[in-house]
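# just a sequence and a predicted model for now, questions to come.
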Amino acid sequence: MQCARVGCRGRRSPWWVSRRERNHVEDRTVPCRARTRNLYRPTAPNAPIREFDPPDCTGERGPLCGREHRYRYWHSLTLAAPRNHRQSITTNEYDLFGSGFGGAQIYAFSKAQLAAHPPSIAVTLVEDLTLEGTPGFTVWPATSNAGDYANEKHGTEYFLSTIAGDGSETGNPTGTAKRIGLWALTNTKSLDSFTPMLKIESTTIKSQDYVYPPLSDQKPGDTPLADCLNENELFAPGLGCWFIFFDPPVTWQPEVESTPDSGDTRMQQVWYADGVVWGANGTAVDVEKDIKAGIAWYAVEPKFDHSRRFDGKVKREGYLALENNNLSYPAIAMGPNGKGVIAFSIMGEDYFPSAGYALIDSKGSVGPVQVAAAGLGPDDGFTGYKAFVGDPPRTRWGDYGAAVTDGSSIWLASEYVAQTCDLDEYLFGGPFGSCGGTRTSLINWATHVTKLTP
């Protein structure tokens with residue numbers, strides 16, 4: 001295993017320094033202080049993959065068990081984007097034994113090598129990405145339509161990211177920002193060679209405001225799992241349905257209908273089309289003085305100037321919201337005809353969790369919110385209840401949607417709830433908790449797949 005390091009020529013101050021200080025800082029590209037490491041490099045063409053030897057640790061968290069060997073870290077959120085010369089996979093890295101965040105990582109390899117089905121391929125790791133002095137977080141690679149690729153600088157893969165959050169990953173505790181991250185992985189043609197030589201560059205660019213979104217309320221309905229946790233007489237007085245899951249004493253009652261997580265402000269799916277990088281993320285929106293979860297979308301134009309300096313600008317942007325309701329987990333895709341779709345989940349005063357979408361075109365014109373599949377009941381999963389996850393619960397939803405082109409058509413996938421039932425059916429309508437085979441005892445969400453030809 002060989003390691004080539006890419007150093008920084010300098011860093012600007014973190015973006016959340018005071019406005020007065022920030023006004024004196026020029027916007028400029030800061031090459032990411034990342035290391036490229038060829039994880040799997042055969043000693044000769046078609047040689048077998050070499051396994052890594054574990055570090056010689058002096059203890060469970062000994063000095064050789066740290067970041068360099070990556071055995072103390074686990075990776076979350078695997079994102080893949082195939083392009084003409086390469087396949088890129090990105091992850092977020094977390095400390096396996098604590099709460100530390102190690103930053104985003106990129107794994108790049110040749111698509112041609114992969115398609116040839118050899119016994120081994122070269123995989124290059126671009127690790128510990130940083131953006132203007134802070135860890136890169138959810139650096140999402142751009143997918144594109146067949147034949148529509150960025151060929152500058154011997155092949156380029158673009159990525160987008162955001163810089164807000166709760167502070168645990170981005171280092172920005174404010175929950176709001178008005179800049180997004182733009183990344184370029186260049187010289188990707190070299191991935192087809194025996195010695196890949198990649199370069200990662202990044203910059204932040206001005207954008208519309210985006211804010212950490214609130215939890216999503218949902219239309220009231222039957223929640224049999226919650227009713228089971230609140231029921232106290234099924235087996236004997238004081239020994240209710242909850243006894244199927246827990247021993248006494250009861251410490252969680254009452255359970256109420258949950259407010260599903262709307263996600264955070266991380267970038268969601270990214271798409272490259274005709275020289276423009278499209279992306280979307282969750283945000284809080286003010287709809288008639290009512291704060292709901294909504295969507296911020298961007299059309300970014302990357303460029304390399306005459307001195308080969310990497311930069312870019314937001315060409316078009318906007319928000320997507322629905323009065324009295326919440327939109328979450330967007331996924332954007334643009335077709336080769338300049339027509340695209342943003343997919344998402346809908347829930348709120350008027351809707352049980354539903355699959356929705358809005359049409360968008362290359363000029364940034366966005367159509368009305370439309371329902372692809374209406375939800376039939378509220379989310380009734382175990383992560384929404386104190387008995388299972390503690391107080392307060394964090395009701396998981398999503399975590400992500402998806403959209404992909406197929407010629408002039410676009411396939412969408414979003415989470416929704418496709419069933420409903422009451423406590424009696426939950427208990428006695430077939431196997432326990434199945435409501436006639438429409439759910440499991442602990443969850444009731446589903447995924448709806450839609451094909452559109454915009």
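Alright, I've got the coordinates.
# other residues contacting stretch 203-211?
15, 27-30, 131-132, 162-164, 175-182, 265, 281-284, 296, 298, 300, 310-314, 317-319 (CB atoms under 8 Å, 6 or more residues apart in numbering). Any C-beta I mention is one placed from the backbone N, CA and C, and that applies to glycine too.
# just stretch 148-156 next, same as before
Residues outside stretch 148-156 that contact it (CB under 8 Å, 6+ apart): 83-86, 157-158, 184-190, 199, 272-275, 302, 304, 308, 336.
# picking that back up, tell me which entries of the contacts of stretch 203-211 lie within strands.
Counted as lying in strands by DSSP state E, out of those, are 131, 162, 176-182, 281-284, 296, 298, 300, 310-314, 317-319.
# of those, select the buried ones using a PyMOL command.
Command for PyMOL that selects the buried part of these, burial taken from 16 or more other CB atoms under 10 Å:
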select buried, resi 131+162+176+177+179+180+181+182+281+282+283+284+296+298+300+310+311+312+314+317+319
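# what segments of the stretch 201-350 of the chain are helices?
224-230 (DSSP state H, counting those that start in this stretch).
# the helix or strand containing S414 - contacts with which helices or strands?
Secondary structure assignment for S414, by DSSP states H and E: strand 409-417. The contact analysis (3 or more CB pairs under 8 Å, 6 or more residues apart in numbering; DSSP states H and E) places strand 409-417 against strand 325-334, strand 339-348, strand 354-361, strand 370-373, strand 402-406, strand 445-452.
# now stretch 304-324, how far from the chain's geometric center?
Centre-to-centre, stretch 304-324 and its host chain are 18 Å apart (CA atoms, centre = their mean, to the nearest Å).
# that should have said stretch 92-104, apologies.
16 Å.
# any chance of the helices and strands packed on strand 409-417 in TSV, with distance to G430, mean pLDDT and mean neighbour count too?
TSV is the format used below for the helices and strands packed on strand 409-417 (distance: least, CB to CB, whole Å; pLDDT from 0 to 100; neighbours: other CB atoms under 10 Å):
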stretch	distance to G430	mean pLDDT	mean neighbour count
strand 325-334	31	98	27
strand 339-348	27	98	26
strand 354-361	25	98	23
strand 370-373	23	98	16
strand 402-406	31	96	18
strand 445-452	17	97	16
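# which one of those lies nearest to T383?
Among the helices and strands packed on strand 409-417, the nearest to T383 by CB to CB is strand 445-452 (10.3 Å).
# enumerate every residue touching the closest residue in space to E157 that isn't next to it in sequence.
Leaving aside its sequence neighbours, E157 sits nearest to L185 (CB to CB, 6 or more residues apart in numbering; 4.4 Å). Contacts for L185 were tallied using CB under 8 Å, 6+ apart; they are S88, I106, A108, V126, T156, E157, Y158, F159, L198, K199, I200.
# which of these sits closest to G367?
Proximity of the contacts of L185 to G367 (CB to CB) peaks at Y158, which lies at 25.8 Å.
# now do the buried residues in the strand holding S414.
For strand 409-417, a neighbour-count test (16+ other CB under 10 Å) marks I410, W411, L412, A413, S414, E415, Y416, V417 as buried.
# wait, doesn't the fifth one sit right on G401?
Yes: under the contact definition of CB atoms under 8 Å, S414 touches G401, with a separation of 4.6 Å.
# now the common contact residues for the two.
Residues touching both S414 and G401 (CB under 8 Å, 6+ apart): Y329, A331, A343, F344, S345.
# so D274 versus D391, what's the distance?
Separation of D274 from D391 (CB to CB, to the nearest Å): 50 Å.
# ditto for V285
Separation of V285 from D391 (CB to CB): 28 Å.
# and those two? Which one has more around it.
It is V285, of V285 and D391, that has more neighbours when counted by other CB atoms under 10 Å, with 22 against 9.
# so what's the more buried one bridging to?
K292 (DSSP bridges).
# what is the burial count for A142?
Neighbour count of A142, defined by other CB under 10 Å: 25.
# now stretch 170-182: average pLDDT?
Here stretch 170-182 scores 91 as its mean pLDDT.
# stretch 217-237 now?
With pLDDT averaged residue by residue, stretch 217-237 scores 97.
# any idea how far K292 lies from A387?
Distance from K292 to A387, by CB to CB: 28 Å.
# now swap in D261 and tell me
D261 sits 18 Å away from A387 when distances are taken as CB to CB.
# the most centrally placed residue in the chain: what's it in contact with?
The centre of the chain sits closest to Q268, judged by CA atoms, centre = their mean, with a distance of 4.7 Å. Going by CB under 8 Å, 6+ apart, Q268 touches W140, G279, A280, N281, G282, Y329, P330, A331, I332, Y400, G401.
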